[in-house]
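J.: predicted coordinates and the sequence they were generated for:
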Amino acid sequence: MTRQLIADLMKSETGLDSVVIQGWVRTRRDSKTFFFLEINDGSCLKSMQAVVNEDAAGYADSKGIATGASVTVKGRLVASQGKGQKWEIQADSVELVGSADETFPLQKKRHSNEYLREIAHLRPRTNFYGAVFRIRSKLAFAIHRFFNDRQFFYVHTPIVTASDCEGAGELFRVSTLDPKNPPLGEGGEIDSSKDFFGRSTYLTVSGQLEGETYASALGNIYTFGPTFRAENSNTSRHASEFWMIEPEMAFCDLAADMDLAEEFVKSVIKEVMESCADDLELFFNFIDKELRQRLEFVLSRPFQRVTYTEAVEILQACGKKFENKVEWGVNLQSEHERYLTEEHFKSPVTVYDYPKELKPFYMRANDDGKTVAAMDVLVPGIGEIVGGSQREERLELLLENMKKHGISEKDYWWYVDLRRYGSMPHAGFGLGFERLLMFITGVGNIRDVIPYPRVPGHAEF
């Protein structure tokens, strides 16, 4: 008989005469002629209790079955006599598959998240991290469903690239040159023409530019993949490797871009709340008591929309003392974004029309000569979760902007070509997958929603 998932057995309407579960022991409690096992197989938050009497096959050889061990239990699914659980298994046989001795670090006590990051290979076995990563999986599926249902095409953009989409210079270089003896040019600089790709290459910071090329042929596309930032930041919101969702739409302006971003955020939150109800209860009850209310609030109300100029005026007039000064032409900080969402509007906010000096070269210039058609979606508890814009489709203005930003037309000839051959208004946005997951779960540190977080100084596992 094949293994059955505890998640499915928990939903059973009747008892069953023959079941098989396989999983890992959370706890063992012994009595004189029987013992209890609490077994979790990763399929759901709940564990299944197995009652193993002395007449069960394998009882005599069960001394090695302890917390952390893997087991196979066969028996009958019967109504549980204990509180808080509908079913339990009356075992006919128990088999130790893989032992775990007393050094197993996840004994039955509370462990800090800081400690669990040090044993990231074992932390998925805890209730908290098991729930996080089941929700992560469901959220990824919801994202693909959202775009597929709207006839977007999924495009895999390159991980190794020669372009810096954001222009911030925070790039990981990819090279096969001997670091002890690299080939040098006449000026003593490293000769990148001798490298594997014949030029300097890096891990991507965004798939947007390549995504635009496919939107210019397929209409509506999206990318969903890993991105990298060599930013020496040790905050709870930054990681060096993370995943990004980046839709790009042909014949689209900023207003439609903002509409899609709002629809997207609401849709995936709704699906996760429906499909991960049991796992989310853990976060509602133990991580953030206001989380359920905040998510339902996001679903039930339209996002507020204000221009950057209006947002600055609101912040300057609020009377609140911020650590970072608020003035026009300066980036809004997390504390400003959270004030707008949590205190002023008490809802998600889309801020648009940012000063052109704050944004990359590809964003469309507005007629006022001071701002660009950019937008950020801000949510309570996190701040910015979506960043997007209408792209500059006018050849002359794009070339002018590239020159101002010190970007070589020669290096981006293929990107410029899009404006030469059938250019059209187009727009898109980028959303950090982990930031969205943090918002949905109320988890406060990005390192706790990534299986193996990569941050400055840490690349274990």
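T.: Alright, I've got the coordinates.

J.: where do the helices of the stretch 351-461 of the chain begin and end?
T.: Applying DSSP state H, counting those that start in this stretch to the stretch 351-461 of the chain gives helices spanning 395-404, 413-420, 433-441.

J.: list the buried residues in the shortest one.
T.: Read it as helix 413-420. 415, 418-419 (16 or more other C-beta atoms under 10 Å). All C-beta atoms are positioned from the backbone trio N, CA, C, and that covers glycine.

J.: alpha carbons only: can I get it in CSV?
T.: Provided in CSV are the C-alpha atoms of helix 413-420 (Å, rounded to 0.1, in the frame of the first residue of the first chain):
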residue,chain,number,x,y,z
TRP,A,413,21.9,49.0,-29.1
TRP,A,414,19.4,46.1,-29.0
TYR,A,415,17.3,48.0,-26.5
VAL,A,416,17.4,51.2,-28.5
ASP,A,417,16.3,49.1,-31.6
LEU,A,418,12.9,48.5,-30.0
ARG,A,419,12.3,52.3,-30.4
ARG,A,420,13.3,52.2,-34.0
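
J.: elements contacting it?
T.: For helix 413-420, the packing partners by 3 or more C-beta pairs under 8 Å, 6 or more residues apart in numbering; DSSP states H and E come out as helix 208-218, helix 395-404.

J.: pick the most buried one from those helices.
T.: Sort these by mean neighbour count, taking mean count of other C-beta atoms under 10 Å, and helix 208-218 sits at the top with a mean of 20.

J.: and the next helix or strand past that one?
T.: strand 220-228 (DSSP states H and E).

J.: which parts of that following strand are buried?
T.: Counting neighbours by 16+ other C-beta under 10 Å, strand 220-228 gives 220-225, 227-228 as buried.

J.: just send the residues you listed back as JSON lines, with pLDDT and distance to Ser80 too.
T.: Converted to JSON lines, the buried residues of strand 220-228 look like this (pLDDT from 0 to 100; distance: C-beta to C-beta, whole Å):
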{"residue": "Asn220", "pLDDT": "98", "distance to Ser80": "50"}
{"residue": "Ile221", "pLDDT": "98", "distance to Ser80": "50"}
{"residue": "Tyr222", "pLDDT": "98", "distance to Ser80": "45"}
{"residue": "Thr223", "pLDDT": "98", "distance to Ser80": "47"}
{"residue": "Phe224", "pLDDT": "98", "distance to Ser80": "41"}
{"residue": "Gly225", "pLDDT": "97", "distance to Ser80": "44"}
{"residue": "Thr227", "pLDDT": "96", "distance to Ser80": "47"}
{"residue": "Phe228", "pLDDT": "96", "distance to Ser80": "48"}
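
J.: of these, closest to Leu291?
T.: In terms of C-beta to C-beta, no member of the buried residues of strand 220-228 lies closer to Leu291 than Phe224, at 24.7 Å.

J.: state the distance from the closest one to Val377.
T.: 17 Å (C-beta to C-beta, to the nearest Å).

J.: same deal with Arg26?
T.: Arg26 sits at a distance of 39 Å from Val377 (criterion: C-beta to C-beta).

J.: from the neighbour counts alone, determine which of the two ranks first.
T.: For Arg26 and Val377, the more surrounded residue by other C-beta atoms under 10 Å is Val377, and the numbers stand at 26 against 19.

J.: excluding chain neighbours, what is closest to the more buried one?
T.: Val386 (3.7 Å; C-beta to C-beta, 6 or more residues apart in numbering).

J.: so what's the residue count around that neighbour?
T.: If we define neighbours as other C-beta under 10 Å, then Val386 has 25 of them.

J.: what is it paired to in the beta sheet?
T.: Using DSSP bridges, the beta-bridge partners of Val386 come out as Val377, Leu431.

J.: so which residues of the stretch 251-400 of the chain form strands?
T.: 304-307, 349-355, 371-379, 383-390 (DSSP state E, counting those that start in this stretch).

J.: tell me which of those strands sits most buried.
T.: strand 371-379 (a mean of 25).

J.: and the contacts of that strand?
T.: The set of residues external to strand 371-379 that reach it, using C-beta atoms under 8 Å, 6 or more residues apart in numbering, is 253-254, 257-258, 261-262, 265, 298, 303, 308-309, 332, 337-338, 340-341, 348-356, 359, 363-366, 384-390, 427, 429, 439.

J.: may I have that strand as PDB, with CA atoms only?
T.: Output of strand 371-379 as PDB, limited to C-alpha atoms (Å, rounded to 0.1, in the frame of the first residue of the first chain):
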ATOM      1  CA  THR A 371       8.800  63.900 -13.200                       C
ATOM      2  CA  VAL A 372       8.600  60.500 -14.900                       C
ATOM      3  CA  ALA A 373       5.600  58.100 -15.200                       C
ATOM      4  CA  ALA A 374       6.800  55.800 -12.400                       C
ATOM      5  CA  MET A 375       4.700  54.200  -9.600                       C
ATOM      6  CA  ASP A 376       5.300  52.400  -6.300                       C
ATOM      7  CA  VAL A 377       2.700  50.300  -4.500                       C
ATOM      8  CA  LEU A 378       3.200  50.700  -0.700                       C
ATOM      9  CA  VAL A 379       1.600  48.300   1.800                       C
END
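
J.: so it versus strand 383-390, what angle?
T.: 150 degrees (axes from the mean of the first three to the mean of the last three C-alpha atoms, to 10 degrees).

J.: the closest residue to Arg3 other than its chain neighbours sits in which helix or strand?
T.: Using C-beta to C-beta, 6+ apart and skipping residues adjacent in sequence, the residue nearest Arg3 is Gln22, 4.8 Å away. Element membership of Gln22 [criterion: DSSP H and E] is strand 16-30.

J.: immediately after that strand, which helix or strand?
T.: Counting by DSSP H and E, what follows strand 16-30 is strand 34-40.

J.: what lines up beside that next one in the sheet?
T.: strand 16-30 (antiparallel), strand 48-53 (antiparallel).

J.: make CSV out of those and add distance to Leu122.
T.: Compiled in CSV, the strands paired with strand 34-40 are given as follows (distance: least, C-beta to C-beta, whole Å):
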stretch, distance to Leu122
strand 16-30, 10
strand 48-53, 21
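
J.: dump those strands to TSV, plus distance to Lys320 and mean pLDDT.
T.: As requested, the strands paired with strand 34-40 are exported to TSV (distance: least, C-beta to C-beta, whole Å; pLDDT from 0 to 100):
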stretch	distance to Lys320	mean pLDDT
strand 16-30	46	97
strand 48-53	51	97
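
J.: just those: most buried one?
T.: strand 48-53 (a mean of 22).

J.: who touches it?
T.: Taking C-beta under 8 Å, 6+ apart as the rule, strand 48-53 contacts 6, 9-10, 21, 23, 33-41, 58-59, 62, 73, 75, 80, 82, 85, 87-91, 94.

J.: fine, thanks again, bye for now.
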